[in-house]
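Peer 1: Here's my sequence, what's the structure:
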Amino acid sequence: MATTAEWVEGARPRTLPTAISPVLVGTGAALGAGAVAPGSALLALVVAVALVVGVNFANDYSDGIRGTDDDRVGPQRLVGSRAAEPGAVRAAAFACFGVAAVAGLVLTAVSGQWWLVLVGALCIVGAWYYTGGARPYGYAGLGEVAVFVFFGPVAVLGTTLTQAGAVDAAAAGAAVGTGLLTCAVLVANNLRDIPGDRVVGKRTLAVRLGEHGTRMLYLALVLVPFVIAVGVAFDRPGALVALLALPAAVRPVRIVLGGAQGPALIPVLRDTGLLLLAWGIAVAIGLAAG
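Peer 2: Predicted coordinates:
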């Protein structure tokens, strides 16, 4: 039986900035448009957090039963370490998806944006089939595409739309930046796992690009959002506040470009998540200020 601490670790709380940041940015954009809807913002946050925790448990289950996590470098996985039964981890994933679905239905009812029910369903399907099913797209190098779409435009603009009823160019630009930084979190994770993923046949984008290409991709994903923020500032000058988060990029970029491998890359995942959160807070404040 897994302990409470092991279940918490299995939820991978270090990845929560990928759920929180899009909601912050989307809410900031809505505030900048004159919309104040704290209830909708809270519901969007519940949806995002439940989906992220759910996908973490789903990945734990699917990778565990495939044997992908038998020789793992990163944080402990519940199924791979035999700390929990696969069925229990799968049930935890489905429970989280259920919470996300209920909160999402309430959010669409409050906002009147019923077409978002289909988007929410696609999010849940995408979360499961990232590593689940017979042909998981995460094993084919498409994980970054899905992360960009779901955690960038979908999460940010969906949050703005359910609060303000419309989106603008500034929100769209901020959504792209958020998606890119969220991809950087995944790339940091997959860079660390390249040796093990090659062995088990998991053809992530990092495996396909190789170490050098992946390190260059990481650098681009971290820096481009700040360039985007400068562009957004032509419409919303407050977006320049995002540049205050730039120092948070120094440590993880230095580690990645320094050639760190294996366990030495574990702090990069944490630091990239914190960078994403700092950028999200700063952009949200800037967009709200106008």
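
Peer 1: What is the lowest-mean-pLDDT helix or strand in the chain packed up against?
Peer 2: Ranking every helix and strand in the chain by mean pLDDT, DSSP states H and E puts helix 194-200 at the bottom, with a mean of 87. Packing partners of helix 194-200 (3 or more CB pairs under 8 Å, 6 or more residues apart in numbering; DSSP states H and E): helix 205-232. All C-beta spots, glycine's among them, are computed from the backbone N, C-alpha and C.

Peer 1: And the average pLDDT for whatever helix or strand comes next after the helix it packs on is what?
Peer 2: Next along the chain after helix 205-232, taking DSSP states H and E as the criterion, comes helix 250-257. Mean pLDDT, computed over helix 250-257, is 97.

Peer 1: again with stretch 261-275
Peer 2: 93.

Peer 1: With stretch 145-153 instead?
Peer 2: On average, stretch 145-153 scores 96.

Peer 1: Would you indicate which residues of it are buried?
Peer 2: 146-148, 150-153 (16 or more other CB atoms under 10 Å).

Peer 1: which of those residues lies closest to residue 41?
Peer 2: Closest approach to residue 41 among the buried residues of stretch 145-153 (CB to CB): residue 151, at 16.6 Å.

Peer 1: tell me the contacts of the nearest residue to the closest one once chain neighbours are set aside?
Peer 2: Spatial nearest neighbour of residue 151, excluding adjacent residues (CB to CB, 6 or more residues apart in numbering): residue 182 at 4.1 Å. Contact analysis of residue 182 by CB atoms under 8 Å, 6 or more residues apart in numbering lists 18, 21-22, 147-148, 151-152, 276.

Peer 1: circling back: may I have the least confident helix or strand of the chain exported as CSV, CA atoms only?
Peer 2: What follows is helix 194-200, C-alpha atoms only, in CSV (Å, rounded to 0.1, in the frame of the first residue of the first chain):
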residue,chain,number,x,y,z
ILE,A,194,16.3,10.3,-23.2
PRO,A,195,18.6,7.3,-22.3
GLY,A,196,15.8,5.3,-20.7
ASP,A,197,13.2,6.2,-23.3
ARG,A,198,15.5,5.0,-26.1
VAL,A,199,15.9,1.6,-24.4
VAL,A,200,12.1,1.0,-24.1
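
Peer 1: Please compute how far that helix lies from its chain's middle.
Peer 2: 22 Å (CA atoms, centre = their mean, to the nearest Å).

Peer 1: With stretch 99-118 instead?
Peer 2: On CA atoms, centre = their mean, the centre of stretch 99-118 falls 20 Å from the chain's centre.

Peer 1: Can you point out the buried residues in it?
Peer 2: 99-101, 103-105, 107-108, 111, 116.

Peer 1: any idea how far residue 161 is from residue 176?
Peer 2: In this view, residue 176 and residue 161 are 16 Å apart by CB to CB, to the nearest Å.

Peer 1: isn't residue 269 right next to residue 188, touching?
Peer 2: Yes. With contact defined as CB atoms under 8 Å, residue 269 and residue 188 form a contacting pair (4.9 Å).

Peer 1: So, low pLDDT: which residues of the stretch 51-200 of the chain?
Peer 2: 69-74 (pLDDT under 70).
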